[in-house]
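Asker: Next comes the sequence, and after it the predicted model I'd like to discuss.
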2 protein chains.
Amino acid sequence: MKFTLEHTDPQSKARAGVLKTDHGDIETPIFMPVGTAGSVKAVHQRELTYDIKAQIILGNTYHLYLRPGLGVLEKAGGLHKFNGWEKPILTDSGGYQVFSLAGTRKITEEGVVFKSHIDGSKHIFSPEGVMDIQRSIGADIIMAFDECTPYPCEFEYARKSMEMTHRWLKRCIDRFDRTEGKYGYSQTLFPIVQGSVYKDLRRQSAEFIASCDREGNAIGGLSVGEPAEMMYEMTEMVTDILPKDKPRYLMGVGTPANILECIALGVDMFDCVMPTRNARNGMLFTSEGIINIRNEKWKEDFSSIDPAINSYVSSFYSKAYLRHLTISKEILAAQIASIHNLAFYLWLVGQAREKIKSGEFSTWKDQMVKKVSTRL
Amino acid sequence: MKFTLEHTDPQSKARAGVLKTDHGDIETPIFMPVGTAGSVKAVHQRELTYDIKAQIILGNTYHLYLRPGLGVLEKAGGLHKFNGWEKPILTDSGGYQVFSLAGTRKITEEGVVFKSHIDGSKHIFSPEGVMDIQRSIGADIIMAFDECTPYPCEFEYARKSMEMTHRWLKRCIDRFDRTEGKYGYSQTLFPIVQGSVYKDLRRQSAEFIASCDREGNAIGGLSVGEPAEMMYEMTEMVTDILPKDKPRYLMGVGTPANILECIALGVDMFDCVMPTRNARNGMLFTSEGIINIRNEKWKEDFSSIDPAINSYVSSFYSKAYLRHLTISKEILAAQIASIHNLAFYLWLVGQAREKIKSGEFSTWKDQMVKKVSTRL
């Protein structure tokens, strides 16, 4: 993997770059649609490519490990071959899901014992095991096994957790560096900065992560309920420490405004379930603001969803039709809204990239943050 | 509307024709995907056109009348404008839904009083009202308001019901002929043969319907639980009486084998929820036979769903991936299976048409009925 920084914004810390992988180039800043179980919910693979213009998607290790399982994925030749997505894939480490989804789990220095949410069966995730699993899934970018602390979180817990995450990281790196990709292309490992909302811990963690000198770095443990200002403060402190020549991935963030603000703080990569999850609840992100498509207001609005967004659904379907489908609980409603929201997110980061290149990012960002936060 | 009979099979009663409407030509025999509430479930409009190659879709008057309602549909300029489907649309009369879906309904000579399944509100469907509603929806082909008798059905009930359906038909024709299309294109009214599974009644009804001399005719009240042989017997008796120069539409039929057998009996048009409903339950119709995609058998079968079918999903996605999505309850599973099954149905009637034109229909049909009924 190779990251090239192409432009930096003179009035903020925003950057535009290109991340080269064996499955193609990723132009940053970028948003990665979430494809939990090997499918971006309600979206066809060709729609990801041609309508949404996704350059990389995310898969969840916890879900893929349980279903379809590593046996099927290995026989298929990895997740790319299994789901037909030929561009880059990033997988999380499964840690977040194990802590938040699995009901009963026990954390020890060795790893985490948890029960499947599907059949209650017992499993163990360890730093080494999670590297092996992600090798089998075949993601281009593999995430370190970390503990994502909740918010709020006591300082003492956050410190101990961060220290364990650092020890786990060493084990991840050790295992990763002693193994190879299974499908003939290279994979890379991103470590994750933790430290909750404590400046000292964040600084300490960022310095440790930076010292590991991997090809890219991630910021975890944010967007878990803390105020946005706190998230921005932590993000900025961390991006100031992380190496400039490596991509920075802020995990699980966020709203369109969050993404713009964090681009301004030097983040290059984002993922979030918000565009797809909210789509399924009838919430649309548009270039003019936020729409609750269930509202009476849209009942006879036959204008297209958002002509500024270059996707089939955004210009083909009207607000009134989408409202009708949503209220009638038609599956097509989820499909349309999911494609549109993802196309909007990709449009937004694409616009940010253009503005960084043309030197207009900061002014544009301030206007845009207001616009995309407006409720229509 | 203009129907041209192009070919007749020498060894059966199968026919190939073209039905011209203001929204384009329909090559018969044809299958019409069901778009209950103005959406073919889980399928985008462009997929209907390019992957499924649908030439006409069906809408349900009962559902569209309740949601989005006639106010919205009229303001949109009709259902075509509302949902963006520019090819022909056929709407049922709402009768079937009123009898089968609405919990409490009261049938009188005037019409049917029923309660909405959505909010319990009270409504009346009369022959005249249902003509007006379908004028507002803007379907190219409008169905007469009839009573679809259940199976089994006492002779006396079937006779009285048929007679009322005939009286209702006169009122439908009267209203239809005294009104005009609302959106600048022409609409046509198909009457419906009833008579349950009684030969005398079916003959009487078919003769009455034929005497009305409309541009097309339908056969209703079949595929409601009677044995297939009985359905074929009734269908053949009716097609022998209905005029040869008008299209014949067998309502709500059926399995791929049912469709092939009824094409051989002289039916030109079909609709059924089976390809989409069964798709959502993991049942696939393929050119090699029927697949229950949940079966363990497909777990590691990485071959495409059905390369014989010329749709994106049928060749792009593997059986193993679709099985995984189905078991994981991913929305994409319903999308893939729905497109595939509909593409298969359209492929099947398209093949039938080719075979009728080349004079090979009967032999091909006998082989194909066996093939499509095989469980793989």
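Answerer: Sure, I can see it.
Asker: quick one: the nearest residue to A:Leu250 once chain neighbours are set aside and A:Tyr151, what's the gap?
Answerer: Once flanking residues are discounted, A:Leu250 sits nearest to A:Val267: 4.4 Å by C-beta to C-beta, 6 or more residues apart in numbering or on different chains. (C-beta placed from N, C-alpha, C; glycine too.) Distance from A:Val267 to A:Tyr151, counting by C-beta to C-beta, to the nearest Å: 19 Å.
Asker: Isn't the residue nearest to A:Leu250 up against A:Thr239?
Answerer: Yes - with contact defined as C-beta atoms under 8 Å, A:Val267 counts as touching A:Thr239 (6.5 Å).
Asker: okay, these two: which has more neighbours?
Answerer: Applying other C-beta atoms under 10 Å in any protein chain shown to A:Val267 and A:Thr239 shows that A:Val267 carries more neighbours, namely 28 against 22.
Asker: Are we agreed that that one is in a strand?
Answerer: No - counting by DSSP: H, G, I helix; E, B strand; the rest coil, A:Val267 falls outside a strand, being coil.
Asker: for it, phi and psi?
Answerer: Backbone torsions for A:Val267, taken as degrees, to the nearest 10, come to phi -90, psi 140.
Asker: Read off the pLDDT value for A:Val98.
Answerer: In this model, A:Val98 is scored at 86, pLDDT.
Asker: tell me the SS of it?
Answerer: Here A:Val98 is helix, with the state taken from three-state DSSP.
Asker: follow-up on the earlier one: could you please give me the overlap between the contact lists of A:Val267 and A:Thr239?
Answerer: A:Ile219, A:Arg248 (C-beta atoms under 8 Å, 6 or more residues apart in numbering or on different chains).
Asker: Now the stretch 101-250 of chain A against chain B: closest residue?
Answerer: Nearest residue of the stretch 101-250 of chain A to chain B: A:Ile118, at 9.0 Å (C-beta to the nearest C-beta).
Asker: which residues sit in contact with that residue?
Answerer: Counting by C-beta under 8 Å, 6+ apart, A:Ile118 makes contact with A:Leu66, A:Arg67.
Asker: Helix, strand, or coil at it?
Answerer: coil.
Asker: now swap in A:Ala37 and tell me
Answerer: coil.
Asker: just the one 5 residues further on next, same as before
Answerer: Under three-state DSSP, A:Ala42 falls in the coil class.
Asker: ok, now which ones touch it?
Answerer: A:Ala42 touches A:Thr276, A:Ala279, A:Arg280, A:Ile331, A:Ala334, A:Gln335, A:Ser338, A:Ile339, B:Ile331, B:Leu332, B:Gln335, counting by C-beta under 8 Å, 6+ apart.
Asker: now A:Ile305
Answerer: Neighbouring residues of A:Ile305 by C-beta under 8 Å, 6+ apart: A:Leu284, A:Thr286, A:Val313, A:Ser314, A:Ser315, A:Tyr317, A:Ser318, A:Lys319, A:Leu322, A:Ile336, A:His340.
Asker: And for A:Ser121, the neighbour number?
Answerer: Residues lying near A:Ser121 (other C-beta under 10 Å) number 9.
Asker: what pLDDT does it get?
Answerer: pLDDT recorded at A:Ser121 is 93.
Asker: before we move on, what about the one 10 residues further on?
Answerer: According to the per-residue confidence, A:Met131 scores 98 in pLDDT.
Asker: Which secondary structure element is home to it?
Answerer: Per DSSP states H and E: A:Met131 is located in helix A:127-137.
Asker: and that helix, does that touch chain B?
Answerer: No - for a cut-off given as C-beta under 8 Å from any C-beta of the partner chain, helix A:127-137 has no contacts with chain B; the smallest distance is 13.1 Å.
Asker: Enumerate every residue touching the residue in the stretch 151-300 of chain A positioned nearest to chain B.
Answerer: Proximity of the stretch 151-300 of chain A to chain B (C-beta to the nearest C-beta) peaks at A:Glu300, 5.3 Å away. A:Glu300 makes contact with A:Ala320, B:Gly71, B:Val72, B:Lys75, B:Ala76, according to C-beta under 8 Å, 6+ apart.
Asker: go with 6 Å
Answerer: Applying C-beta atoms under 6 Å, 6 or more residues apart in numbering or on different chains, one finds that A:Glu300 lies in contact with A:Ala320, B:Val72, B:Lys75.
Asker: what pLDDT does the residue of the stretch 101-250 of chain A closest to chain B get?
Answerer: You'll see A:Ile118 listed with a pLDDT of 92.
Asker: With A:Ala102 instead?
Answerer: So, for A:Ala102, pLDDT stands at 64.
Asker: cool, A:Gly95 as well?
Answerer: 88.
Asker: For the stretch 1-150 of chain A, which residues are neighbours of chain B?
Answerer: Residues of the stretch 1-150 of chain A lying near chain B by C-beta under 6 Å from any C-beta of the partner chain: A:Ala37, A:Ser39, A:Lys41, A:Ala42, A:Arg67, A:Pro68, A:Val72, A:Lys75, A:Ala76, A:Phe82, A:Asn83, A:Gly84.
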